[in-house]
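*Asks:* model this:
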Amino acid sequence: MKKILFPFFLFLTCTAYSQSPIEFVSKNYFRSHPFDMKFSSFVTSLQQDPWFIIGTYNRRTDSTFFFLTGTYKNFNPFRYSPKELRLVIAEEEIIHIDSLKTHDTIINVQLMGITDVGIVNSKTVEKEFKRFHNNYADRFSSTMHESFEGTGEVYNYFVSPLSISPVTIAWGLLETNQYTFTITIRFKLKENMATYIMAPGEF
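*Replies:* Numbering: from 1, shown residues only. Got it, this is the predicted structure:
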């Protein structure tokens with residue numbers, strides 16, 4: 001199940017919050033908002049949400065990272081009706097591109113609107129992808145785009161002056177032959193609160 005995180009998200013890292021574009025995205029697409037409360041309270045809100053069904057919940061230990069995944073019912077922030085609306089929260093280790101190859105730990109929060117199989121659904125998620133970009137790209141300092149030969153696209157959004165993308169969107173084909181539009185928000189925890197991820201030397 002942990003493999004559900006898109007592999008092309010994993011090479012990315014970081015950016016900083018307030019009433020920022022990241023919070024704006026969070027409040028428009030996520031039912032619970034990790035920037036409104038302590039991270040532990042955010043997890044509790046998911047556990048207590050009658051519209052959210054937890055599938056896997058692994059607390060952090062000395063040898064494993066935090067991981068939670070589940071699906072929503074009666075909640076859909078997208079313009080299409082996904083067959084499954086899945087939330088994935090996954091802690092991971094990253095290595096910054098600096099002379100010391102500094103290790104860091106971040107949280108990825110991913111919302112996936114998974115469709116049924118069929119080429120028609122590829123157009124549906126691609127349209128949602130383009131709608132998001134047209135509506136939100138101007139709120140960020142810069143963007144980076146990558147295309148995967150007709151099977152998917154990715155936009156990474158950045159907030160100046162930080163170098164690691166806090167928001168990524170993608171559409172693409174899953175191993176199940178289903179299509180998905182996915183929004184990923186990434187942040188670092190500091191004293192149990194979500195903050196931007198900063199690379200070594202950034203202020």
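*Asks:* what ranges do the strands span in the protein?
*Replies:* Assigned by DSSP state E, the chain shows strands spanning 52-58, 67-72, 84-95, 103-117, 142-147, 152-158, 167-173, 178-190, 193-195.
*Asks:* How about the third one, which residues are buried there?
*Replies:* Of all the residues in strand 84-95, those buried under the rule 16 or more other Cβ atoms under 10 Å are 85-92, 94. No exception for glycine: its C-beta is placed from N, CA and C like everyone else's.
*Asks:* quick one on the thing from earlier: how about the strands of the chain, which one is nearest S20?
*Replies:* strand 167-173 (9.9 Å; Cβ to Cβ).
*Asks:* Show me what that closest one is in contact with.
*Replies:* Outside strand 167-173, the residues that touch it by Cβ atoms under 8 Å, 6 or more residues apart in numbering are 6, 8-9, 12, 21-22, 25, 122, 125-126, 128-129, 132-133, 140, 148, 151-157, 179-186.
*Asks:* what's the answer for stretch 117-125, then?
*Replies:* 80, 113, 115, 171-173, 176-181.
*Asks:* Can you give the contact residues for stretch 44-51?
*Replies:* Contact with stretch 44-51 is made by 31-32, 37, 52, 54, 68, 70, 72-75, 87, as judged by Cβ under 8 Å, 6+ apart.
*Asks:* could you dump the buried residues of strand 84-95 to a markdown table with pLDDT and distance to R60?
*Replies:* Below are the buried residues of strand 84-95 laid out as a markdown table (pLDDT from 0 to 100; distance: Cβ to Cβ, whole Å):
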| residue | pLDDT | distance to R60 |
| --- | --- | --- |
| L85 | 98 | 25 |
| R86 | 98 | 21 |
| L87 | 98 | 18 |
| V88 | 98 | 15 |
| I89 | 98 | 11 |
| A90 | 97 | 11 |
| E91 | 96 | 6 |
| E92 | 94 | 12 |
| I94 | 85 | 16 |
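*Asks:* low-confidence ranges in the protein?
*Replies:* 1-19, 99, 203 (pLDDT under 70).
*Asks:* go with 90
*Replies:* 1-21, 23-24, 33, 35-36, 62-63, 94-104, 117-120, 149-151, 160-163, 198-203 (pLDDT under 90).
*Asks:* Quick one: residues contacting the residue nearest the centre of the chain.
*Replies:* By Cα atoms, centre = their mean, the chain has its centre lying nearest to T184, at 1.4 Å. Counting by Cβ under 8 Å, 6+ apart, T184 makes contact with 6, 9, 108-111, 167-170.
*Asks:* quick one: it from N177, how far?
*Replies:* 22 Å (Cβ to Cβ, to the nearest Å).
*Asks:* go on, L46?
*Replies:* Relative to N177, and taking Cβ to Cβ, L46 is found at 29 Å.
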